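> Test case, fold it:
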Amino acid sequence: MRILTLILLSFALATPLAAERIEVGRGQDALATALATARPGDELVLPPGTYAGPVLIDQPLTLTGPSATIEGPGDGSVVTITAPDVTLTGLSVSGAGASLADLDSGIRLLKGADRARVEGVTLTGNLIGIDVHGARDVILRGNTIQGRNDLRVAERGPGIYVWNSPGLLVEDNMVARGRDGVFITTSDRAIYRRNTFTELRFAFHSMYANRIEVTDNVSRDNDMGFAFMYSTHLTVHGNLSTGDTNHGFFMNFANRADLSGNEVRDGGEKCLFIYNSNNNSFTANRFQGCGIGVHFTAGSQGNAMSGNAFVGNRTQVKYVGTRWLEWSDAGRGNYWSDHVAFDVNGDGIADSPYRPNDAVDQLVWSQPAAKLLMGAPALQLLRWSQSRFPGLLPGGVIDSHPLTSPDLLQSEASR
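Here you go, the predicted structure:
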């Protein structure tokens, strides 16, 4: 009998208790109490109301409540997760502190919070919306994040902060206000898609982020759209920058990237800025309505530029170097809205090459005071001579096979 009792007791201890769906009681401290007594796998359901933070989730469970708010005290982070397989859905989170040094956040996913899912959560007025800090294979989906614009720009935090969190998926989120929509530092292998960014400094900002995919996102009315710095092996497809003040796409020490099917519309200073970035491919993109279509500088090499459309930019290309750069590939170049040329055989390729810059442009860029001489007969004669005798040009960008219509980009995108 004693042996049978021991066997039954051992079996009971070895078999985990079944996970439960628990409705949390009302009251400021009810959530903290429920988390302290919950078992792994439980689903905690918050009735409508406000619950006090901060709270720590240190075991796998689900926390949901479409009309519930977790309110922090205005100091530190509101929800901190350290356990794997935690799901947060349908909540509202607010009341984080204002310390960038401490990464005060609405939700913090720390090392060990692997496979966390944050879906349909509304984060309002936090310094940082969601901090993914060492957790792996996390999913952030369908969240609404509105940060703080009551602080100076340098004191604001990003909507989503990412550090050392490979396998991350960030999709269908709406991020507004704060400093950057997404800020990544030293984190590889991630997908960012179908997110919308407004009222920010940078919509998307990567530093030391390799092998990431950035697709079908929208940056609207920010200081800058998509900034890629010190990153490599990037896939950047189908993104839209509209109404961004400074740059649509900014590349600084970004290498081996594939940018295709992106669009800058009604841009500000520059649609595309390429600084010391090498071996990148730019195809089937549309750069429209900027002060400068593309500013290309600082010894960038090995970049392929074909099948793009440069439409209505005040200056299509700014390139001060003396090397000749061919911007066409396999007999197919780009569309330039200011290029006047014939297409006698009707193949969609202009019969004359396009050279966007001459020696006068380079003189003005390097010596801005020379603008005062733009109407001088000598400079006008120099510009006319170079247009008639290209051998006088000092080097620069040349598109030997420019397209005659931007509609041809569709065939380029499908190749």
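> Now do the domain split for this structure, please.
The chain is divided into the following domains under automatic domain parsing: 18-200, 205-357+396-415.
> ok now the longest one, how far from the chain's centre?
Once both centres are worked out by Cα atoms, centre = their mean, to the nearest Å, domain 18-200 turns out to sit 19 Å from its chain's centre.
> Lowest average pLDDT across the domains of the chain?
Lowest mean pLDDT of the domains of the chain: domain 205-357+396-415, a mean of 88.
> How many neighbouring residues does residue 349 have?
18 (other Cβ atoms under 10 Å). Bear in mind the C-beta positions are built from the backbone N, C-alpha and C, glycine included.
> residues contacting the closest residue to it other than its chain neighbours?
Once flanking residues are discounted, residue 349 sits nearest to residue 401: 5.1 Å by Cβ to Cβ, 6 or more residues apart in numbering. Neighbouring residues of residue 401 by Cβ atoms under 8 Å, 6 or more residues apart in numbering: 328, 331, 332, 333, 349, 350, 353.
> and the two most separated of those?
332 and 353 (13.1 Å; Cβ to Cβ).
> which residues of the stretch 51-200 of the chain fall in helices?
For the stretch 51-200 of the chain, no helices are identified by DSSP state H, counting those that start in this stretch.
> how far away is the residue nearest to residue 349 from residue 136?
46 Å (Cβ to Cβ, to the nearest Å).
> Please apply the same query to residue 54.
23 Å.
> again, but for residue 207
20 Å.
> Compare neighbour counts for these two and give me the winner.
Higher neighbour count among residue 207 and residue 136: residue 136, with 19 against 16, using other Cβ under 10 Å.
> what's the closest non-adjacent residue to the more buried one?
residue 114 (4.6 Å).
> now swap in residue 90 and tell me
residue 66 (4.0 Å).
> My guess is the one you found contacts residue 88. True?
No: assessed by Cβ atoms under 8 Å, residue 66 is found out of contact with residue 88, at 11.9 Å.
> Those two - which one has more neighbours?
residue 88 (26 against 13).
> check contacts around the more buried one.
62, 63, 64, 79, 81, 107, 116, 117, 118, 119, 121.
> So the fifth one versus residue 29, what's the distance?
When you say that, I think you mean residue 81. Counting by Cβ to Cβ, the gap from residue 81 to residue 29 is 19 Å.
> do the last one as well
Separation of residue 121 from residue 29 (Cβ to Cβ): 21 Å.
> More neighbours: which of the two?
Using other Cβ under 10 Å as the criterion, residue 121 and residue 29 rank with residue 121 on top: 26 against 10.
> OK, contacts around that one?
With contact set as Cβ under 8 Å, 6+ apart, residue 121 has these partners: 88, 89, 90, 91, 92, 93, 107, 143, 144.
> The residues you listed into a markdown table, with extra columns for distance to residue 48?
As requested, the contacts of residue 121 are arranged in a markdown table below (distance: Cβ to Cβ, whole Å):
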| residue | distance to residue 48 |
| --- | --- |
| 88 | 17 |
| 89 | 15 |
| 90 | 11 |
| 91 | 11 |
| 92 | 11 |
| 93 | 15 |
| 107 | 20 |
| 143 | 19 |
| 144 | 18 |
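> Next, check the residues you listed against the strands and list the overlap.
Residues of the contacts of residue 121 located in strands (DSSP state E): 88, 89, 92, 93, 107, 144.
> Tell me the one of these nearest residue 189?
For the ones in strands among the contacts of residue 121, the nearest to residue 189 is residue 107 (21.4 Å; Cβ to Cβ).
> in the sheet, who's paired with the closest one?
Per DSSP bridges, the residues bridged to residue 107 are residue 79, residue 130.
> quick one: contacts for it?
So residue 107 contacts 77-81, 88, 93, 118, 121, 123, 129-131 (Cβ under 8 Å, 6+ apart).
> if you set the cut-off to 7 Å instead, what comes out?
Counting by Cβ atoms under 7 Å, 6 or more residues apart in numbering, residue 107 makes contact with 79, 88, 93, 118, 123, 130.
> how much space between the last one and residue 96?
Residue 130 sits at a distance of 11 Å from residue 96 (criterion: Cβ to Cβ).
> Return the members of the contacts of residue 107 classed as buried.
79, 88, 93, 118, 123, 130 (16 or more other Cβ atoms under 10 Å).
> Now do the contacts for the first one.
Contact analysis of residue 79 by Cβ under 7 Å, 6+ apart lists 53, 55, 57, 70, 93, 106, 107.
> Let's see if you can find the most crowded of those.
Neighbour-wise, the contacts of residue 79 (other Cβ under 10 Å) top out at residue 106, 33 neighbours.
> That one and residue 113: what is the separation?
Computed as Cβ to Cβ, the residue 106 to residue 113 distance reads 14 Å.
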